[in-house]
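**Q** when you get a sec, could you give me coordinates for this:
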Amino acid sequence: MKSPCYLKGRGLLIACVCTACSVANAKSEVWRRTTLGEGLLGDVSKMNIERIVADGDLDGLLSAAILRRVWNAVPVRFSHPAEVRRGGVDDWMTRGTAVLDLPFHPMCGLHIDHHLTNKPTPAQQIAAAEEGCNIVWEDALSAARVCFNTFQESVNLDDIATWMEMVDKLDGGKISRQEFLSEHPIVWIGRTIDATDDIYCQTILQHIVDGVMPHDLVELPIVAEKIGHAKDEFRQLQAMLDECSNVVDRMAIVRLDDKGIRTNGYLVTAHFGDQCDACMIVHGYLDPGSDDEKWPLSASFYSNSFLHENGGLFDLTQLATAFDIDGGGHANACGCRIQPLSKSLQKEDRGVDVNDIERNIDAWMLMWANRS
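**A** Numbers count the residues shown, from 1 in each chain. Take a look at the predicted model:
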């Protein structure tokens with residue numbers, strides 16, 4: 001590993017591993033430490049973490065499992081980016097809260113992430129450290145990888161290592177079409193994770209913390225039943241795609257709005273193959289009301305990683321952040337909420353209506369058409 005660079009502010013030195021300083025996913029000892037002058041200010045594994053808020057997908061769940069090895073039995077809440085941004089987890093935030101695989105919250109004590117749009121600036125890192133918050137950001141394929149790198153020398157994660165390669169592939173867009181369509185246990189466990197089913201997520205979390213391996217986990221009745229349902233939904237989605245999708249200018253546009261179904265880009269790009277370079281999936285409800293199992297109209301964007309293994313042809317965060325200030329993610333996988341737009345495709349200050357779906361799509365397709 002190259003020597004770390006240091007970000008300086010008010011006498012505070014924050015060790016930083018950026019892409020210029022290290023190879024992504026390599027061990028990141030310096031990320032675990034902040035320094036004050038010549039002395040060690042703190043090793044994050046020695047922090048007093050009392051609760052964890054993590055993204056409600058496989059990457060977030062595995063990240064939480066790693067931290068639960070360090071801070072045994074602390075409560076975990078599974079959330080999603082929009083909930084964090086709208087203040088839905090504010091009641092969980094203290095300097096004893098770790099936020100994983102989610103946007104930064106200014107009142108947390110530890111933030112661990114890998115999303116490009118959540119990458120802190122040097123000034124943000126310094127300001128957070130001065131307020132008592134450690135930010136651990138790494139250019140890694142998954143947040144779980146950042147957690148693994150951060151804590152692997154503090155606690156035994158040998159069994160967790162079994163999960164890491166596939167979680168990296170799934171979250172980092174490196175999975176092959178053959179692997180995606182396979183019976184790999186981690187692939188199918190990932191398809192069962194749903195943050196709205198907290199009992200199930202907490203059960204899976206505890207099994208992973210306890211060291212249950214993927215091939216054993218899929219044999220447990222509660223997991224086997226979920227996988228059965230996931231396979232039924234997978235087949236249903238495959239059958240639906242031709243009916244609710246079309247490919248325009250090598251962008252597969254999928255309309256799942258008000259259908260109560262979500263999927264990621266892998267299924268779509270596997271279905272359309274070399275017909276598309278990327279896909280756009282509209283999902284959620286025009287009127288979610290107060291139903292916790294309904295979510296607002298949103299869009300997700302994915303490059304066709306089966307076709308473009310080393311990155312897509314276009315930075316899709318340009319679409320995700322065009323109208324939604326809370327949109328973002330990775331250049332090859334990101335998302336946002338549908339925004340109210342005028343007929344001239346300018347953002348308006350009003351609620352979202354049904355016409356806004358097509359207007360958002362039209363605006364994004366204009367941007368996509370200008371790709372180099």
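
**Q** can you tell me the centre-most residue of this protein?
**A** Among the residues of the chain, the one closest to the centroid is Asp101, at 5.5 Å (Cα atoms, centre = their mean).

**Q** check contacts around that residue.
**A** With Cβ atoms under 8 Å, 6 or more residues apart in numbering as the criterion, the residues that contact Asp101 are 54-55, 57, 59-60, 63, 112-115, 143-144. C-beta coordinates here come from the backbone N, C-alpha and C atoms, glycine included.

**Q** and the closest residue to Asp249 other than its chain neighbours, how far is that from Leu341?
**A** Beyond its immediate neighbours in the sequence, the residue positioned closest to Asp249 (Cβ to Cβ, 6 or more residues apart in numbering) is Ala369, lying 6.0 Å away. From Ala369 across to Leu341, the span is 17 Å (Cβ to Cβ, to the nearest Å).

**Q** neighbour count for these two, which is higher?
**A** Taking other Cβ atoms under 10 Å, Ala369 and Leu341 do not tie; Leu341 has more neighbours (22 against 10).

**Q** for that one, give its distance to Asn360.
**A** Leu341 sits 6 Å away from Asn360, taking Cβ to Cβ as the criterion.

**Q** can you check Arg85 too?
**A** Between Arg85 and Asn360 the distance is 18 Å, computed by Cβ to Cβ.

**Q** which one's more surrounded, these two?
**A** Here Arg85 and Asn360 are set side by side on neighbour count (other Cβ under 10 Å), and the busier one is Asn360, at 26 against 18.

**Q** which secondary structure elements does the longest helix seen in the chain sit against?
**A** Longest among the helix segments of the chain by residue count, using DSSP state H, is helix 221-244. Here helix 221-244 touches helix 185-192, helix 198-209, strand 251-255, helix 265-272, going by 3 or more Cβ pairs under 8 Å, 6 or more residues apart in numbering; DSSP states H and E.

**Q** among these, which comes closest to Gly96?
**A** In terms of Cβ to Cβ, the element of these nearest to Gly96 is helix 198-209, at 19.0 Å.

**Q** roughly how far out does the closest one sit from the chain middle?
**A** Per Cα atoms, centre = their mean, to the nearest Å, the displacement of helix 198-209 from the mean C-alpha position of its chain is 18 Å.

**Q** what's the following helix or strand after that helix?
**A** Using DSSP states H and E, the helix or strand that directly follows helix 198-209 along the chain is helix 214-217.

**Q** give the buried residues for that next one.
**A** Across helix 214-217, burial judged by 16 or more other Cβ atoms under 10 Å covers 214, 217.

**Q** dump that helix to CSV, restricted to CA.
**A** Once side chains and other backbone atoms are set aside, the C-alpha atoms of helix 214-217 remain, and they are given as CSV (Å, rounded to 0.1, in the frame of the first residue of the first chain):
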residue,chain,number,x,y,z
PRO,A,214,-24.7,-19.1,2.7
HIS,A,215,-25.2,-22.7,1.7
ASP,A,216,-26.7,-23.5,5.1
LEU,A,217,-28.7,-20.4,5.3
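
**Q** and that helix, what does it pack against?
**A** Secondary elements touching helix 214-217 (3+ Cβ pairs under 8 Å, 6+ apart): helix 185-192, helix 198-209.

**Q** out of those, nearest to Asp159?
**A** The closest approach between Asp159 and any of those, judged by Cβ to Cβ, belongs to helix 198-209 at 8.6 Å.

**Q** angle of that closest one against helix 221-244?
**A** 120 degrees (axes from the mean of the first three to the mean of the last three Cα atoms, to 10 degrees).

**Q** contacts for helix 198-209, please.
**A** Surrounding helix 198-209, the residues in contact under the criterion Cβ under 8 Å, 6+ apart are 56, 61-62, 64-65, 68-69, 76, 78, 160, 163, 189, 192-195, 217, 220, 222-223, 226.

**Q** check stretch 233-242 too.
**A** Applying Cβ under 8 Å, 6+ apart, the set of residues contacting stretch 233-242 from outside is 191, 254, 259, 261, 263, 267-268, 271-272.

**Q** what would those residues look like in CSV with pLDDT?
**A** Converted to CSV, the contacts of stretch 233-242 look like this (pLDDT from 0 to 100):
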residue, pLDDT
Arg191, 95
Val254, 97
Lys259, 90
Ile261, 83
Thr263, 87
Leu267, 93
Val268, 95
His271, 93
Phe272, 95
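
**Q** out of those residues, which two are the most distant from each other?
**A** Set against one another by Cβ to Cβ, the contacts of stretch 233-242 have their most distant pair in Arg191 and Phe272, with a gap of 19.4 Å.
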